[in-house]
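Colleague: Model the structure of this input:
(2 chains)
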There are 2 protein chains.
Amino acid sequence: NKTMASIPNEELASFANALADEARKIILPYWRRPIEVESKLEHDRPIAESPVTIADQRAEAAMRKLIEERYPAHGIYGEEYGQVRTDAEYVWVLDPIDGTKSFITGKPLFGTLIACLRNGEPIVGIIDQCVLNERWVGVSGAGTTFNGRPVRTTKGPEDGGCTELKECMMYATTPHMFHPGEESAKFERMCSVVKRPLYGADCYAYGIVAAGVGAPPNGGGG
Amino acid sequence: NKTMASIPNEELASFANALADEARKIILPYWRRPIEVESKLEHDRPIAESPVTIADQRAEAAMRKLIEERYPAHGIYGEEYGQVRTDAEYVWVLDPIDGTKSFITGKPLFGTLIACLRNGEPIVGIIDQCVLNERWVGVSGAGTTFNGRPVRTTKGPEDGGCTELKECMMYATTPHMFHPGEESAKFERMCSVVKRPLYGADCYAYGIVAAGVGAPPNGGGG
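Modeller: Model (predicted):
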């Protein structure tokens, strides 16, 4: 209802954290665990579902349920179960497991991505790394925290950051993710100008940038 | 002294664990921490050393000291400080920080690699992931443990493993690590036959294979 008073960003951020807590609780038991996964039928024969599929679907279903209970007028855009009310003032965007190949292969860098948009503008964003117990929370007007501590991107040499592409490390999940033609050509060109292209950090790479990791005054982790 | 009785593998493994403990204690304070790094002179001007360089060197120096004290006749082959007595019956191979680019950029998958060879044959091998608090220990004749629990590679479909290349995920740190020509061509060919090439797991990828991660009966992590 666009005529209602807007919800404070802090309230939305607090709720987004609750969504991430719920997703984490659901996903972790499927991580490298010998859990019997559900089977569904295809052409009358049972097909095994993967732990990542089950974890993904259950985590999204649980987050959607919490949203429907708390904010029934809000829209939802989920990777597993599609869209509802995406013309609402507030829309939640959910990707329970970003980095499914990492998840499947036992590499712990996959993450749960949660965003809240107001009138199309992102106002809350979360990267939650359930295995690593690391969470980035960005709130419009209030900055970003990493496990509760304020962090920020680097500004330049004074805080250990770079201002020239030739000084930068560049992360991509894989060089094969770019479409042949113009997109690949642009990526190749970037590879040739940065200090070094690196691969395989999944959504973690965004967290690295957000936390200004590597920059002494603002060192990030813990 | 090649005429002495051989050292039990368990004793060497226990000592290797002590080396890994020592390296972990030294490396962790440099991880994403705003620590003043040492400077050395080059052409009479101070040059800043990176945390990874300091951590790498200090961890290796500390491990070498422990080896010299406990087993002064053993050889050492270290990435930072070179070789001594590599014709000895026992030789220790040390790489304090494998995955320096991960370390520098705040990606936690770098590891400390420790091996002990007897007459050129590896008898103890450790991958220690200090940030993740995960350690793989392989001992000749005694199998492999992951954080103390026995693990093994997968055998085939019965334990979730693959027997065909087309079913396998293949990890490499980066596609750019292969020399142009024959080596790159072989890698490209592997990319075209496996299920999918993945990147950026550093030494973690070996641990994933050793622990049979993904295989339900032997699921690895914790």
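Colleague: residue closest to the middle of chain A?
Modeller: Centroid-nearest residue in chain A: residue A:113, 2.7 Å away (criterion: C-alpha atoms, centre = their mean).
Colleague: do you know how far the closest residue to it other than its chain neighbours is from residue B:88?
Modeller: The spatially closest residue to residue A:113, leaving aside those adjacent along the chain, is residue A:95, at 4.1 Å (C-beta to C-beta, 6 or more residues apart in numbering or on different chains). In short, each C-beta sits where N, CA and C put it, glycine included. As judged by C-beta to C-beta, to the nearest Å, residue A:95 and residue B:88 stand 54 Å apart.
Colleague: quick one: buried residues of the helix or strand containing the residue nearest to the centre of chain A?
Modeller: In this assignment (DSSP states H and E), residue A:113 forms part of strand A:111-118. When burial is assessed from 16 or more other C-beta atoms under 10 Å in any protein chain shown, strand A:111-118 yields the following buried residues: A:111-118.
Colleague: cool, stretch A:166-175 as well?
Modeller: Buried, per 16+ other C-beta under 10 Å, within stretch A:166-175: A:168-175.
Colleague: And stretch A:154-170, by the same measure?
Modeller: Buried-residue list, stretch A:154-170, by 16+ other C-beta under 10 Å: A:154, A:159-162, A:168-170.
Colleague: go on, stretch A:203-211?
Modeller: In terms of neighbour count (16+ other C-beta under 10 Å), stretch A:203-211 has its buried residues at A:203-208, A:210-211.
Colleague: Would you reformat these as CSV and include pLDDT?
Modeller: Shown next, in CSV, are the buried residues of stretch A:203-211 (pLDDT from 0 to 100):
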residue, pLDDT
A:203, 94
A:204, 94
A:205, 94
A:206, 94
A:207, 94
A:208, 92
A:210, 93
A:211, 90
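Colleague: closest to chain B among the residues you listed?
Modeller: residue A:208 (4.8 Å; C-beta to the nearest C-beta).
Colleague: Pretty sure the closest one sits against residue A:169.
Modeller: No: applying C-beta atoms under 8 Å as the test, residue A:208 and residue A:169 come out as separate, 9.2 Å apart.
Colleague: overlap in contacts of these two?
Modeller: Common contacts of residue A:208 and residue A:169 (C-beta atoms under 8 Å, 6 or more residues apart in numbering or on different chains): residue B:105.
Colleague: who touches the closest residue to chain B within chain A in this structure?
Modeller: Per C-beta to the nearest C-beta, residue A:200 is where chain A lies closest to chain B, at 1.9 Å. By C-beta under 8 Å, 6+ apart, the residues touching residue A:200 are A:102, A:107, A:109, A:173-174, B:173, B:198-201.
Colleague: Kindly recompute the last result at 10 Å.
Modeller: A:99, A:101-102, A:107, A:109, A:171-174, B:102, B:107, B:109, B:171-174, B:198-202, B:204-205 (C-beta atoms under 10 Å, 6 or more residues apart in numbering or on different chains).
Colleague: domain parsing for chain A?
Modeller: A:9-150, A:157-218 (automatic domain parsing).
Colleague: re the thing from before, out of the contacts of residue A:200, which sit inside helices?
Modeller: A:101-102, B:102, B:204-205 (DSSP state H).
Colleague: Just the helices from chain A, written as ranges.
Modeller: Using DSSP H, helices in chain A cover A:9-27, A:51-70, A:100-105, A:182-193, A:204-210.
Colleague: Next, the buried residues of the fourth one.
Modeller: What that stands for is helix A:182-193. For helix A:182-193, by 16+ other C-beta under 10 Å, it's residue A:187.
Colleague: Just give me how far it sits from the chain centre.
Modeller: Relative to its chain's centre, helix A:182-193 lies at 25 Å (C-alpha atoms, centre = their mean, to the nearest Å).
Colleague: what's the farthest-apart pair in the ones in helices among the contacts of residue A:200?
Modeller: The largest separation in those, counting by C-beta to C-beta, is between A:101 and B:102 at 17.6 Å.
Colleague: picking that back up, with distance to chain B as extra columns, can I get the buried residues of stretch A:203-211 in a markdown table?
Modeller: Below are the buried residues of stretch A:203-211 laid out as a markdown table (distance: C-beta to the nearest C-beta, whole Å):
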| residue | distance to chain B |
| --- | --- |
| A:203 | 12 |
| A:204 | 6 |
| A:205 | 8 |
| A:206 | 12 |
| A:207 | 8 |
| A:208 | 5 |
| A:210 | 11 |
| A:211 | 7 |
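Colleague: so where's chain A uncertain?
Modeller: A:1-4, A:34-42, A:44-49, A:214-222 (pLDDT under 70).
Colleague: Which of the contacts of residue A:200 fall in strands?
Modeller: Per DSSP state E, strands hold the following members of the contacts of residue A:200: A:171-172, B:171-172, B:198-199.
Colleague: what residues are up against residue A:194?
Modeller: A:162, A:164-170.
Colleague: Residue A:146 against residue A:128, yeah?
Modeller: No: using C-beta atoms under 10 Å, residue A:146 is not in contact with residue A:128; the gap is 11.3 Å.
Colleague: shared neighbours of these two, anything?
Modeller: Both residue A:146 and residue A:128 are in contact with A:134-137, A:207, where contact means C-beta under 10 Å, 6+ apart.
Colleague: between these, which has the most around it?
Modeller: The most crowded member of those, judged by other C-beta atoms under 10 Å in any protein chain shown, is residue A:207 (27 neighbours).
Colleague: Many thanks, we can stop here.
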